[in-house]
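**Q** Structure for this input, please:
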Amino acid sequence: MLHATALAALEPPRFAIHGTRGNYVKTGLDVQEDQLKADLRPGNPEFGRNSPGLLREVDGDHDLCQEFATRDGAFYRALAASVLEGKPFPVTSQDAIDVMTIIDIAIRSNAEGRRLDFAPL
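**A** Purely as a prediction, here's the structure:
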């Protein structure tokens, strides 16, 4: 979905996940890059703390809408631990392969108009 406006009362979602029984909507960018620019470092407990998104679950008579915590960003903290302490790099080559596979499946699924299952390589 593509959307653009210069006049909006609310910030548009950064991403939205929609399902048959609910959705999750998140606004704003990941905070880590701006925090690094502001000299907040991965060792600070406030580093990577993101605002919550909005979760809505609908199932029969059950209709729940609430804030839902967004997982705190830990990439730069893990990257620092990898460089400084020799801990494992936070993204594995298998992670990268899985992301590329998911993107390929999404493109094929859209082109074929059907659901395709994910199978890791």
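**Q** check contacts around the most centrally placed residue in the chain.
**A** With distances taken as CA atoms, centre = their mean, residue 15 lies nearest the centre of the chain, 7.5 Å away. By CB atoms under 8 Å, 6 or more residues apart in numbering, the residues touching residue 15 are 25, 26. (C-beta placed from N, C-alpha, C; glycine too.)
**Q** Read off the pLDDT value for it.
**A** Per-residue pLDDT puts residue 15 at 80.
**Q** Which of the three states applies to the nearest residue to residue 23 once chain neighbours are set aside?
**A** Once flanking residues are discounted, residue 23 sits nearest to residue 56: 5.5 Å by CB to CB, 6 or more residues apart in numbering. Look at residue 56: counting by DSSP: H, G, I helix; E, B strand; the rest coil, its state is strand.
**Q** Then residue 94?
**A** helix.
**Q** For it, list the residues it contacts.
**A** residue 120.
**Q** again, but for residue 40
**A** 46, 47.
**Q** any idea where the helices of this structure begin and end?
**A** Ranges of helices within the chain are 32-37, 75-85, 93-112, based on DSSP state H.
**Q** Quick one: mean pLDDT over the shortest one.
**A** Mean pLDDT, computed over helix 32-37, is 86.
**Q** for it, which positions count as buried?
**A** Residues of helix 32-37 classed as buried by neighbour count (16 or more other CB atoms under 10 Å): 32, 35.
**Q** what packs against it?
**A** Judged by 3 or more CB pairs under 8 Å, 6 or more residues apart in numbering; DSSP states H and E, helix 32-37 is in contact with helix 75-85.
**Q** Pull the number of nearby residues for residue 47.
**A** Residues within reach of residue 47, counting by other CB atoms under 10 Å, total 19.
**Q** do you know how far it is from residue 29?
**A** 15 Å (CB to CB, to the nearest Å).
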